[in-house]
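1. Quick one, structure for this:
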Amino acid sequence: MLIEFNETKVDYPQDKLLHELFEEQAARTPDGVAVRFKDEQLTFAELNARSNQLAHYLRAAGIGPESLVAVALDRSPQMVVALLAVIKAGGAYVPLDMTYPPERVSFMLEDAAVPVLLTQERVLERLPFYETKVICVDAEWPEIAEQSSDNPQRCGHPQNPAYVIYTSGSTGKPKGVVIPHLGLVNYLNWATMRYEVGEGCGAAVHSPAGFDLTVTTLFAPLLAGRGILLVPEEQGIEGLSAALQSQSDWSLVKITPSHLEVLNQLLPPETAAGSTRAIVIGGEALLAEHLTFWREHAPKTHLINEYGPTEAVVGCCVYEVPRDASLAGAVPIGRPIANARIYLLDASLKPVSTHVAGELYIGGVGLARGYLNRPELTAEKFIPDPFSAEPGARLYRTGDLARFLSDTNVEYLGRCDHQVKLRGFRIELGEIEVVLGQAPDVSETAVLLREDMPGDQRLVAYVVARNGTPPQINDLRGYLQAQLPEYMIPSAFVTLDALPLTPNGKVDRRALPVPEGLRPKLEAAYVAPQTETEHIISVIWQEALQIEKVGIHDNFFDLGGHSLLMVRVNRKLQAAFHKEITMIDLFKFPTINALAQFLQTGSQDVLTLERSQSQAQARKELGAQQRELREKRRGLRGQREV
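-> The predicted structure follows:
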């Protein structure tokens, strides 16, 4: 069965690099609109010309094959120009997410040892200082525009890296996954044909460049001669919903199950049919209930479950849900894509039988080169392929458990270790535990992904005090926020006298208690709702956050809330107050008191009383740090010019 199952070999342009495929398409459709953003747009010819100019500028700065270039730009046409320019110059882009804490961004810059950082002046102030050549594409564009707009001569090989994406690491630090052109070209060549991207009008890009799901929506349309719409970062899923309502016949929507659930709530049912030809879901386990909305209201839309870790170039296994199928529970992840191989093996690397769980291994051309600067981890995770006679063939051991169904489709079952997926993000619980264990008042810790209420997954941290005095939850959350991205911050913290242990001395994770629905100790003192508006908001928050009482000065995010939960809250608020409320409004007014004032006055200039002197001082100190950073950068640039 394995031989037939893995007969996936097909021709693809294996001698081409990603940007060469784009250049060929730009020559075919020079006047077609390639990128749209707010009131800006670039044709294929303009996008190609501008990325060529920046590529020549980068080559003059020494960028070539094996060079890594950090890219820290807001989602805009300049970002697309920059990504293409890096690979046209022969380098590989390293996307930086500016929502990450400065310490995490600093680690990525130092670990990648980037010789060049591409950014914008408005973003530069948010970046931690790193001594390298900084190119602000907006401020320096007049000089960049003097470069040739012709396609640069090829310098590179399909085995050279195209990008490096950092993922969570169990040691407490993220790890960079190095993706070569070879596997990327194979995936995009397959995706453009399999998803018939050229038949629709393109895709809306609503996710960060550092999330490999974005590779599909960003590059597949451009290679198929279709345009991309860049959704402003502050709009998120609301922006994607607006795009689907403002235009029909999109080629595809690429989304995680968690975000799909939110989209299902935002999108009016009558606008679903015809809005997109395909919905490709990836990033975490997919359940049949996530698809109910589309099966009912847009039955002609292709619903596709795509599986693949970052180490296997976005996707390596796919399953399209039959339109007449009766679905319940987990949706299969299907069969391998072109030139990929899938094996389910036991501990001895022997294939398992149908319906027997085994660890999922991936082979074929789509594998990453390995982990940047981590040869030991690369050797551990990328092993010689015992089923291939091809010299140097490897398998990637995913740590995922799966089984073959009777129809030979693969069903995902879960993890072998403590890695989890939350809202599409891959998280090593060990990374959170390592960082949290370094907090001053913590001696031991364990972190779990819990789902005590159906459909409501959240991270819960269990801590044991170092000196018997329970640490302040607000302090722990602040400590983590300084080092980890928002999606890795636990929603709840539970203080224990000791962690429960198994007979062999390991933490008994099954014995860790369900968090009590009590208000955590926050910096703001508890103040009960005073008005009817505050009371209504409080009840909605309590239900969503699973907390018995919420004060009017409590911050939604300090209570464990997150952006997807806020979407659910927003729907209930709009129903309760019969008023349109945007997600941007909720981010601006994250306390009950501030939100109530906004709802009562309708003013965007609500002054909230809970802004404490300490917060004002923090802003003052941040401003001083930013001024010092600007002066340091100016001095460094002046030294280079001399």
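
2. Could I get the contacting residues of the residue nearest the centre of the chain?
-> What sits nearest the mean C-alpha location of the chain, by CA atoms, centre = their mean, is residue 211, with 3.6 Å. Neighbouring residues of residue 211 by CB atoms under 8 Å, 6 or more residues apart in numbering: 165, 424-425. C-betas here are computed from N, CA, C, even on glycine.

3. what's the distance between it and residue 283?
-> As judged by CB to CB, to the nearest Å, residue 211 and residue 283 stand 8 Å apart.

4. Now do the shared contacts for these two.
-> 424-425.

5. three-state assignment of the nearest residue to residue 172 once chain neighbours are set aside?
-> Nearest residue to residue 172 in three dimensions, chain neighbours excluded: residue 434, at 3.2 Å (CB to CB, 6 or more residues apart in numbering). Look at residue 434: counting by DSSP: H, G, I helix; E, B strand; the rest coil, its state is helix.

6. would residue 69 count as being in a helix?
-> No: Residue 69: not assigned to a helix; according to three-state DSSP it is strand.

7. all strands in the stretch 251-400 of the chain, in order from the N-terminus.
-> Assigned by DSSP state E, counting those that start in this stretch, the stretch 251-400 of the chain shows strands spanning 253-255, 278-281, 302-307, 317-320, 335-336, 340-345, 358-364, 370-371, 382-384, 394-404.

8. a markdown table for those strands, including distance to residue 83, mean pLDDT and mean neighbour count?
-> Listed next are the strands of the stretch 251-400 of the chain as a markdown table, based on distance: least, CB to CB, whole Å; pLDDT from 0 to 100; neighbours: other CB atoms under 10 Å:
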| stretch | distance to residue 83 | mean pLDDT | mean neighbour count |
| --- | --- | --- | --- |
| strand 253-255 | 17 | 96 | 26 |
| strand 278-281 | 20 | 96 | 24 |
| strand 302-307 | 21 | 97 | 24 |
| strand 317-320 | 25 | 97 | 21 |
| strand 335-336 | 28 | 96 | 22 |
| strand 340-345 | 24 | 96 | 23 |
| strand 358-364 | 25 | 96 | 24 |
| strand 370-371 | 22 | 97 | 22 |
| strand 382-384 | 26 | 97 | 14 |
| strand 394-404 | 25 | 94 | 20 |
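
9. Among those, which comes closest to residue 103?
-> strand 370-371 (20.2 Å; CB to CB).

10. in the stretch 101-250 of the chain, which spans are helices?
-> Taking DSSP state H, counting those that start in this stretch, the helices of the stretch 101-250 of the chain run over residues 102-112, 121-124, 141-144, 181-194, 214-223, 236-246.

11. Pick the most deeply packed of those.
-> helix 214-223 (a mean of 25; mean count of other CB atoms under 10 Å).

12. what's the angle from that helix to helix 181-194?
-> Using axes from the mean of the first three to the mean of the last three CA atoms, to 10 degrees, the inter-axis angle of helix 214-223 relative to helix 181-194 is 70 degrees.

13. okay, the angle between helix 214-223 and strand 302-307?
-> Relative orientation of helix 214-223 versus strand 302-307 (the same axes, to 10 degrees): 130 degrees.

14. Show me what helix 214-223 is packed up against.
-> helix 18-28, helix 181-194, strand 203-205, strand 228-230, strand 253-255 (3 or more CB pairs under 8 Å, 6 or more residues apart in numbering; DSSP states H and E).

15. List the contacts of it.
-> So helix 214-223 is contacted by 18, 21-22, 25, 34, 44, 47, 80, 83, 184, 187-189, 191-192, 195, 197, 202-209, 227-228, 251-254, 280, 313-315 (CB under 8 Å, 6+ apart).

16. Quick check on those residues: which are buried?
-> 18, 21-22, 25, 34, 44, 47, 80, 83, 184, 187-189, 191-192, 195, 197, 202-209, 227-228, 251-254, 280, 313-315 (16 or more other CB atoms under 10 Å).

17. I'd like the contacts of residue 211 as CSV, with distance to residue 507 and neighbour count appended.
-> Formatted as CSV, these follow (distance: CB to CB, whole Å; neighbours: other CB atoms under 10 Å):
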residue, distance to residue 507, neighbour count
165, 30, 23
424, 27, 20
425, 23, 18
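
18. residues touching residue 85, list them.
-> Each residue near residue 85 by CB under 8 Å, 6+ apart is listed here: 50-55, 57-58, 118.

19. so of those residues, which ones are in helices?
-> 50-55, 57-58 (DSSP state H).

20. For those residues, give me a markdown table that also has pLDDT and distance to residue 106.
-> Shown next, in a markdown table, are the ones in helices among the contacts of residue 85 (pLDDT from 0 to 100; distance: CB to CB, whole Å):
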| residue | pLDDT | distance to residue 106 |
| --- | --- | --- |
| 50 | 98 | 30 |
| 51 | 98 | 28 |
| 52 | 98 | 32 |
| 53 | 98 | 30 |
| 54 | 98 | 25 |
| 55 | 98 | 27 |
| 57 | 98 | 26 |
| 58 | 98 | 23 |
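
21. Of these, which is the nearest to residue 294?
-> When these are compared for distance to residue 294 (CB to CB), residue 51 wins out at 35.3 Å.

22. residue contacts, the nearest residue to residue 374 once chain neighbours are set aside?
-> Computed as CB to CB, 6+ apart, the closest residue to residue 374 that is not its neighbour in sequence is residue 175, at 5.8 Å. Shown in contact with residue 175 (CB under 8 Å, 6+ apart): 166-169, 371-372, 374, 377.

23. if you set the cut-off to 6 Å instead, what comes out?
-> 169, 371, 374 (CB atoms under 6 Å, 6 or more residues apart in numbering).

24. Low-confidence bits of the stretch 501-642 of the chain, can you list those?
-> 502-505, 517-523, 602-642 (pLDDT under 70).

25. In three-state terms, label residue 548 for me.
-> Classification of residue 548 by three-state DSSP places it in coil.

26. my guess is residue 550 meets residue 543, correct?
-> No: if you go by CB atoms under 6 Å, residue 550 and residue 543 don't touch, sitting 10.1 Å apart.

27. which of these two has more neighbours?
-> Between residue 550 and residue 543, counted using other CB atoms under 10 Å, the more crowded position is residue 550 (24 against 12).

28. what pairs with residue 228 across the strands?
-> Note on residue 228: beta-bridge partners by DSSP bridges are residue 35, residue 203.

29. measure the residue nearest to residue 374 to residue 354 for me?
-> Residue 175 sits 34 Å away from residue 354, taking CB to CB as the criterion.

30. now residue 44
-> According to CB to CB, residue 44 stands 48 Å off from residue 354.

31. since we're on residue 590, how many residues are nearby?
-> So residue 590, with other CB under 10 Å, has 17 neighbours.

32. mind listing what it touches?
-> Shown in contact with residue 590 (CB under 6 Å, 6+ apart): 555-556.

33. let's go with 8 Å and repeat that
-> Counting by CB under 8 Å, 6+ apart, residue 590 makes contact with 555-557.

34. likewise residue 232?
-> 37-38, 75, 239.

35. can you check residue 9 too?
-> Contacts were defined as CB under 8 Å, 6+ apart; by that measure residue 9 touches 338-339.

36. distance of it from residue 268?
-> Distance from residue 9 to residue 268, by CB to CB: 44 Å.
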